[in-house]
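# Here you go, sequence then predicted model.
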Protein chains: 4
Amino acid sequence: MKPSMDLLADVMDDHFHDHCGVFGIFGHPEAANLVYLGLYALQHRGQESAGIVSAHERILHIKRGRGLVADVFRQQDMEHLCGTQAIGHVRYSTAGGSANQRNLQPLVVDTVAGGMAIAHNGNLVNALMMRRKLEERGSIFQSTMDTEVIVHLTALSRRTTFSERLVDALEQVKGAYSLVAMDERSVIGMRDPDGFRPLALGRLRDQGYVLSSETCAMDLIDAEFVRDIEPGEMIVIDADGLHSSFPLLRRDRHLCIFEFIYFARPDSTIDGVNVYEARKRIGARLAEEHPVEADVVVPVPDSGVPAALGFAYAAGVCFELGIIRNHYVGRTFIEPQQSIRNFGVRIKLNSTPEAIAGKRVVLIDDSVVRGTTSRKIVRMVRDAGAREVHVRIASPPTCYPCFYGIDTPTRSELLAANHSIEEMRDYIGADSLAFISIEGLYRAVNGMGGYCDACFSGRYPVSFVADEELSRSVTLLNET
Amino acid sequence: MKPSMDLLADVMDDHFHDHCGVFGIFGHPEAANLVYLGLYALQHRGQESAGIVSAHERILHIKRGRGLVADVFRQQDMEHLCGTQAIGHVRYSTAGGSANQRNLQPLVVDTVAGGMAIAHNGNLVNALMMRRKLEERGSIFQSTMDTEVIVHLTALSRRTTFSERLVDALEQVKGAYSLVAMDERSVIGMRDPDGFRPLALGRLRDQGYVLSSETCAMDLIDAEFVRDIEPGEMIVIDADGLHSSFPLLRRDRHLCIFEFIYFARPDSTIDGVNVYEARKRIGARLAEEHPVEADVVVPVPDSGVPAALGFAYAAGVCFELGIIRNHYVGRTFIEPQQSIRNFGVRIKLNSTPEAIAGKRVVLIDDSVVRGTTSRKIVRMVRDAGAREVHVRIASPPTCYPCFYGIDTPTRSELLAANHSIEEMRDYIGADSLAFISIEGLYRAVNGMGGYCDACFSGRYPVSFVADEELSRSVTLLNET
Amino acid sequence: MKPSMDLLADVMDDHFHDHCGVFGIFGHPEAANLVYLGLYALQHRGQESAGIVSAHERILHIKRGRGLVADVFRQQDMEHLCGTQAIGHVRYSTAGGSANQRNLQPLVVDTVAGGMAIAHNGNLVNALMMRRKLEERGSIFQSTMDTEVIVHLTALSRRTTFSERLVDALEQVKGAYSLVAMDERSVIGMRDPDGFRPLALGRLRDQGYVLSSETCAMDLIDAEFVRDIEPGEMIVIDADGLHSSFPLLRRDRHLCIFEFIYFARPDSTIDGVNVYEARKRIGARLAEEHPVEADVVVPVPDSGVPAALGFAYAAGVCFELGIIRNHYVGRTFIEPQQSIRNFGVRIKLNSTPEAIAGKRVVLIDDSVVRGTTSRKIVRMVRDAGAREVHVRIASPPTCYPCFYGIDTPTRSELLAANHSIEEMRDYIGADSLAFISIEGLYRAVNGMGGYCDACFSGRYPVSFVADEELSRSVTLLNET
Amino acid sequence: MKPSMDLLADVMDDHFHDHCGVFGIFGHPEAANLVYLGLYALQHRGQESAGIVSAHERILHIKRGRGLVADVFRQQDMEHLCGTQAIGHVRYSTAGGSANQRNLQPLVVDTVAGGMAIAHNGNLVNALMMRRKLEERGSIFQSTMDTEVIVHLTALSRRTTFSERLVDALEQVKGAYSLVAMDERSVIGMRDPDGFRPLALGRLRDQGYVLSSETCAMDLIDAEFVRDIEPGEMIVIDADGLHSSFPLLRRDRHLCIFEFIYFARPDSTIDGVNVYEARKRIGARLAEEHPVEADVVVPVPDSGVPAALGFAYAAGVCFELGIIRNHYVGRTFIEPQQSIRNFGVRIKLNSTPEAIAGKRVVLIDDSVVRGTTSRKIVRMVRDAGAREVHVRIASPPTCYPCFYGIDTPTRSELLAANHSIEEMRDYIGADSLAFISIEGLYRAVNGMGGYCDACFSGRYPVSFVADEELSRSVTLLNET
């Protein structure tokens, strides 16, 4: 009867996941401390590892490690991270194997032009091809991160300034990237021409600038939001101030619409749209598209709460916290040998029978990925005495994997890719199941276009080649 | 510009706090694994330290440590905790000094009657006096926990069985205790005659019994709730089954009413009252007692959410998540030197201006202790553009410290003990401030009496002597 | 082909082992720092765990942990250990099971007379009987250390001062103890009436006194050796100075003679006899008693070196470091699956063939316990090309276990207890094997009596009862 | 009175230090386990960090960390290091700043030709110039190790096989290197044309080959020594067996003569000369060159012991272990505020007055670097009662820094570089001081030439340019 230690992600966290968050400060005597706080506020974008790099007199000071921000950085580390400019990164906690010591960010190297550091949110679609080209001309790779390709291309540029060299590099790559980069004299924020991932600019009250994946991190450090970096825009901040340019071929914006469904914190505002309000509107739209006779609307916490509020107000049905979330959940837990019904989901969620029993329940969740968790939640709600369980999903069916920096299962694992709505309903055991339409989602978010919805529609804004053959040419460097 | 590492509790967590949670299993081959999961579900009752003791063939196996349950127990520890009976404990995370290596629970000792372990939730009011008596007859103390007094008195008893000896001990102490204790053959659950702290009995689906501070922990392990242990009741579980008795002088129940306001998880049911429903009723009652013209009702998350829902429904005002909580918050954080407006509270909470701006806001919080956090939250809500801020508190003013196991500031630090409502309103900067009445609270919880409300009323159900002089006789053993 | 992590002690360290070292400082502003250094110098007496307790204004500050002194105490720990008096303890590293969190020393408790701490080197022979008696009157035990018996008896004493109470306790126990104890006002050194274990008194250059198991620790802190504590002597050091008394029935000295053979550091002097010189004389005597035609004398390092020098000079044979010791050896190592000849011993020792090949070698070791290591060493020396290998042992055959605080195998495991010299020679594969005689050992050490030689002779100076039945009455508290 | 935590190296370890040891295995199912043991035996060559890389089916498995071999590798790490070939590295423990997370070895990268790993003992003299050239063509650097230059040059080669590419790289660098390198199919051992650092080849009993800095590591794993790799020789081991070649311009051997004086373990044999025997001959020669009337010869342990034996036998004076070394010394210790005479040296060494008092002592040490430790040791020996102290040094005066991989102070810190023998004698407080001559040293080691003696003579076999200006072009990446 040996118990086993399980990763929570394996058994229960059935979501798409963002890969990371980035943050930067220029021109403040406590740059690294403010980056630390910024990462603290961006922790929801990545819990596997965190890193900060500061620059001071030709030295780049680095501290990176696995774990949460609060665990990685001790006071003595912060004292070493001196200088008035710093950048940081949090990385998503994927299960098991990928916890590789080599893939910590920011990536830091020394080149002929001096030291540089780069923190990257997103994914390049031609990274392997570029890596092969670079290796063929003699470049060496010390990680499996696509970010290392950008660094090599920057080092190879013949142009003069850091920003010009970085542009040289970015002209050769395709895909999604919101970058915060730094040499010894400047901090750069750059969002790819599609604007897949968010990136915002702010100003500190006293002095200095902020770059952040989300605005919620500016609030924590009392910075003033200035504006979103535009798709394809590069912001260079140095002793002369702030310089904006659009160095790459312009394209239409394709902001990842999943930021509004699940990734971003509700108190953030992305490209002018507040996430909390968008989620409420999604819920309201869902109620219009798929009404149902019910007694209570119950969210799957925490992500489903705003949509459930929107649904409840639109439908005129009572909102109830019929499911309670345990927030003291670590990355692992001991699983007993004996089978426990709905175990896994119960580590994190528990029902409140008093709010559910005998009622017709509308259960609001943000998405259905593999469906395994939804199935357990529905069963838990039924066990709590619900008379009917109607599941309403605040996103369209996710039928296609993402290649722009979101951790998704392969197509064969996506429930919606291989099953009809009715089959899905049957699988998760609900009385009814409905998803918001893609059109409805667009309307709810901002009534206009400009989003990447490839995971729903299969329409990929940036084309890519199958990397399978290429990936065989990479030697895996597996450092534990 | 050296940053400082601060304990979160010092700057922001302005609440009363419970001291602990207890859990026990008898008669199951995976006893310790189930206790582990039980503690996982009781983590909200204490985050400083955790411990499990199992019994197997005259050996008590022990693992205790500082930190969260998920961090204290590794898989190899669990493999050592063999046997079919086990008990566990989680302890509240107080700031700074009290993180004493000596005060880990369960307390485990060897006596003439064999080994025993005890996990204690509550506080004795005559512990120091009894300690002095025991020391005078030659007893030695290895901790500063009052629980050690119970252990000594048990060891000194001339009676035969473990339960009789424990009763002998409990006849000599006064105060609050919900205990889960164990010798090599039995597990005992005991609730003091006032029933200050909760304690419930459950049955495992296959075999075996469960004792738990709260019912939410039974849900996780798929155990069936049987009933609450009654005030003054002792439950002995051994190979012969389950035995109930009321060995002490019976008294009226005085369950801590703060369990319903803040301590317990909303999915728990205590003495027949579901916590989530009680909190909603408190909110509704608050709306009746202190109505206000407003546009939105906003909870201080997470504890204020159910009361805010109740208030919103009763008042017919829209409920909004106008404040978002960051759940990735560790025990410490690096505080920058530069002053940041409302820092501290912002580490954990942030406003959503879109839901608040230009509106008359009713802010629902569970309690006001020192008032420092309330003040910052009100200011943050105003900064987010609220037109008016009306604060409604889901508990009466807390004017008196607790002596029954709750961590409260001294009377001089309690804002309500020294200020009028108007002065408090002025201090926290609200447009209006109101508290539910004691009578209203009673009605909301269950419409009847049976609660300890000493922190509001100063009516202490169990009398005590000033311990100051006595405490000087204790040598502090400070182990780091 | 899964490698296994082995404890070094299991495969290779075939010696008797001392259980611990004790150290104390009174009257110096850096008391704990000096104790830290003292323990550093006494590390050879115990590597499992270390602890320091200091006293300052009714608070006993404690830091204890498993591992070497250099690993247990961090700078921040030392800063907490304030006060002008402190005591410390190092404990022997036994393999596997005994690394029990509960059995750390110094033992610290609070009693009616105030806090007290005690560090104990030695073993009581009536501990279990006294424990049963104490438990019968209601005492509780939190460890399995016999030292806890002394603490209980001290607490029970009706006498006034700490020293009187401690004497009361010691009158009831039998066996070996060199104690350094402390209450809030005094530090006490006490050596049992047989004087089994050493204990010395020193004076610091500026101010203050030192108590130490060995004089080598005084040298490190620049303290002046004053004299050995005599058997049965109690030294009380407090604000009034130093007080000596002989409170117990006087007996003849029985200092453990193994201190001179193996335990003590060669730069220490015990009861007037320098260890290095004694070991050289033992070697010389061994050469006289058991001469052999040979080309080189080779010690098993490090303990065999002085005896080998003595042998070489007496025999007029060349001394060679034919075996080299690797000093960077941790507590564990990874053992490969493949069989490696003489593995285990080679982790620590390697031969220098150039010094051995073609030669008749006299190999000098301090003792033969199980004989397993000797066998491997002889084989390694033969593999290095030795023509003959003559083993000479600097102690008589060890036929009996020790009950006074030395970790010895049971009688059945002692090679000499069950085999003739010839059988032993055959087992270890030597050309000849000889041990120094008991009489020769006495002469070599100091030419007089006054030693415990029970492990050789079976003459136990303090009688004891078989504890087997009693030990069954103890519940093992196994904390990991 | 705050104590300070000091690095031992700062106060006491006044020696030249080797930078590292390398080890490799090809063709054995437990390759990584054997490398682990090899590093265990080479630990004296470097205690700061350790690393192992194994290759298995296009994956290079890596484990590196700071600390001793026994601490860096846990059993679970070893289980991950699968495959039949592996290489490893131990790195010297320099004080303070250089403990940089970035500079761990083996260095591992992915290139167009696949993954490669390299472990390097030595130092290149044109590394910065080559680095600048490489950076100018676009290469990026992720560490400050000169080894990274070799890796880049290898990646840039247009030749086909790993060994050819490595040769291409080595043709462009100058300086000292004994390398063990690996791609997915082969293990390579390469010694620079001067043969500055040792490197030996061995064969495992069952199957497979061994490469090791020293032969002592072969003994531990029961491998058979085959021969030393010759200066300029490359050994390639792959599925086809072992291939030797001399791909670079041949030069005369310049083996670092300090290996015999201090670095190597005495049980190793380098280029046919046994270290223990060489040290004894050095001692004998020293006695001839600088005889002195004395009563005892006392080594500074452990390195001075063989030379002291040689001196004693040659001079006919008695050898005594008059100084005892504490082997339980960690990397740091707590230093008290109060001044303690000869503190620092006493943490590690203590005198045995009985062996010294009243005597004329010849003190044998391996070298005098800054002289600070020698001064303390002489004073300690005088404090122990020595009548005269004559210091004899087993190496010539060290007047010049090393540029080939040995950690030496700058010229201004070398006592011998700026003082006459008489001034040095006066500084260390000896009655006489003498060093072996360079010629005598050569004779003692092997009677022939072939050594680098630049630290004594200033004759540097490989020329180099002042790197100061170049080093300013490197951005320091300081990762903690």
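Yep, it's here.
# Report how many residues lie close to the residue of the stretch 51-200 of chain A found nearest chain B.
Closest contact between the stretch 51-200 of chain A and chain B, by C-beta to the nearest C-beta, is at A:A70 (2.7 Å). Glycine gets a C-beta too; all of them are placed from N, C-alpha and C. By other C-beta atoms under 10 Å in any protein chain shown, 21 other residues sit near A:A70.
# Could you list the low-pLDDT ranges of chain A?
A:1-13, A:18, A:93-99, A:331, A:465-472 (pLDDT under 70).
# need the contact list for A:L34.
Applying C-beta atoms under 8 Å, 6 or more residues apart in numbering or on different chains to A:L34 gives the contacts A:25, A:28, A:86, A:204, A:210, A:221, B:336.
# Pop the domain breakdown of chain A in here.
A:13-254, A:276-326+A:340-447 (automatic domain parsing).
# Let me have those in JSON lines, extended by distance to D:R411.
Formatted as JSON lines, these follow (distance: least, C-beta to C-beta, whole Å):
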{"stretch": "domain A:13-254", "distance to D:R411": "26"}
{"stretch": "domain A:276-326+A:340-447", "distance to D:R411": "54"}
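# what's the closest of the ones you listed to C:V297?
domain A:13-254 (50.7 Å; C-beta to C-beta).
# Centre of the chain to the closest one, how far?
How far domain A:13-254 lies from its chain's middle: 14 Å, per C-alpha atoms, centre = their mean, to the nearest Å.
# Check stretch A:411-428 too.
On C-alpha atoms, centre = their mean, the centre of stretch A:411-428 falls 24 Å from that of its chain.
# For A:P29, grab the count of nearby residues.
16.
# If you could redo that for A:M448, that was the one I meant.
Counted by other C-beta under 10 Å, the residues lying close to A:M448 total 9.
# Please settle this for me: is it part of a helix?
No. Counting by DSSP: H, G, I helix; E, B strand; the rest coil, A:M448 is not part of a helix but coil.
# Compute the distance between the residue nearest to it when sequence neighbours are not counted and chain C, please.
Once flanking residues are discounted, A:M448 sits nearest to A:Y442: 7.3 Å by C-beta to C-beta, 6 or more residues apart in numbering or on different chains. As judged by C-beta to the nearest C-beta, to the nearest Å, A:Y442 and chain C stand 55 Å apart.
# With D:C399 as the reference, measure out to the residue in the stretch 351-480 of chain A that chain D sits nearest to.
Using C-beta to the nearest C-beta, the closest approach of the stretch 351-480 of chain A to chain D is made by A:T475 at 3.2 Å. Using C-beta to C-beta, to the nearest Å, A:T475 is found at 47 Å from D:C399.
# And those two? Which one has more around it.
Neighbour totals were compared for A:T475 and D:C399, and A:T475 leads with 21 against 17 (other C-beta under 10 Å).
# From D:I59, how far out is that one?
7 Å.
# Also A:S395?
For A:S395, the distance to D:I59 - C-beta to C-beta - is 37 Å.
# what do you get for A:L211?
A:L211 is 36 Å from D:I59, by C-beta to C-beta.
# and what of A:I257?
Applying C-beta to C-beta to A:I257 and D:I59 gives a distance of 37 Å.
# which one's the longest helix in chain A?
In chain A, taking DSSP state H as the definition, the longest helix is helix A:275-289.
# List the buried residues of that one.
A:275-287, A:289 (16 or more other C-beta atoms under 10 Å in any protein chain shown).
# Check which helices and strands that helix is in contact with.
With contacts taken as 3 or more C-beta pairs under 8 Å, 6 or more residues apart in numbering or on different chains; DSSP states H and E, helix A:275-289 sits against helix A:305-315, strand A:388-393, helix A:438-445, helix B:353-356.
# The second one pairs with which strands, and in what direction?
Partners of strand A:388-393 in the sheet, by DSSP bridges, are strand A:360-365 (parallel), strand A:432-435 (parallel).
# Can you tell me which helices and strands the following helix or strand past that strand packs against?
As assigned by DSSP states H and E, the chain's next helix or strand after strand A:388-393 is strand A:406-407. Strand A:406-407 sits against strand A:17-18, with contacts defined as 3+ C-beta pairs under 8 Å, 6+ apart.
# Now the element after the strand it packs on, going C-ward?
strand A:20-26.
# Correct me if wrong: the residue nearest to A:M448 contacts A:G449.
Yes. Between A:Y442 and A:G449 there is a contact under C-beta atoms under 8 Å: 6.5 Å.
# who has more neighbours, the two?
Neighbour count, other C-beta under 10 Å: between A:Y442 and A:G449, A:Y442 has more, with 18 against 11.
# Could you tell me which residues make contact with the more buried one?
A:Y442 touches A:257, A:448-449, A:451, A:453, counting by C-beta under 8 Å, 6+ apart.
# And for A:I364?
Counting by C-beta under 8 Å, 6+ apart, A:I364 touches A:283, A:286, A:297-300, A:304, A:307-308, A:311, A:392-394.
# same check, this time on A:S463
A:S463 neighbours (C-beta under 8 Å, 6+ apart): A:V125.
# For it, give me the backbone phi and psi.
phi -80, psi 160 (degrees, to the nearest 10).
# Point me to the residue of the stretch 351-480 of chain A nearest chain C.
Closest point on the stretch 351-480 of chain A to chain C, by C-beta to the nearest C-beta, is A:T480, at 15.2 Å.
# just checking, that residue touches A:R102?
No. Applying C-beta under 8 Å, one finds A:T480 not in contact with A:R102, separated by 9.9 Å.
# Pull up the overlap in contacts between these two.
D:I62.
# Relative to chain C, how far out is the closest residue to A:M130 other than its chain neighbours?
In space, not counting the residues next to it along the chain, A:M130 is nearest to A:V149; the distance is 4.7 Å by C-beta to C-beta, 6+ apart. Distance from A:V149 to chain C, counting by C-beta to the nearest C-beta: 37 Å.
# again, but for A:R205
35 Å.
# hey, which of the strands paired with strand A:388-393 is tucked in deepest?
strand A:360-365 (a mean of 27; mean count of other C-beta atoms under 10 Å in any protein chain shown).
# Taking helix A:275-289 as reference, get the angle to it.
If you take axes from the mean of the first three to the mean of the last three C-alpha atoms, to 10 degrees, strand A:360-365 sits at 140 degrees to helix A:275-289.
# For whichever helix or strand comes after strand A:360-365, list every residue counted as buried.
As assigned by DSSP H and E, the chain's next helix or strand after strand A:360-365 is helix A:372-383. Across helix A:372-383, burial judged by 16+ other C-beta under 10 Å covers A:372-382.
# cool, and stretch A:301-316?
By neighbour count with 16+ other C-beta under 10 Å, stretch A:301-316 contains the buried residues A:301-315.
# can you check stretch A:235-242 too?
Residues of stretch A:235-242 classed as buried: A:235-238, A:242 (neighbour count, 16+ other C-beta under 10 Å).
# Could you export the residues you listed as JSON lines, including secondary structure and distance to D:K359?
Formatted as JSON lines, the buried residues of stretch A:235-242 follow (DSSP: H, G, I helix; E, B strand; the rest coil; distance: C-beta to C-beta, whole Å):
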{"residue": "A:I235", "secondary structure": "strand", "distance to D:K359": "78"}
{"residue": "A:V236", "secondary structure": "strand", "distance to D:K359": "75"}
{"residue": "A:I237", "secondary structure": "strand", "distance to D:K359": "73"}
{"residue": "A:D238", "secondary structure": "strand", "distance to D:K359": "72"}
{"residue": "A:L242", "secondary structure": "strand", "distance to D:K359": "78"}
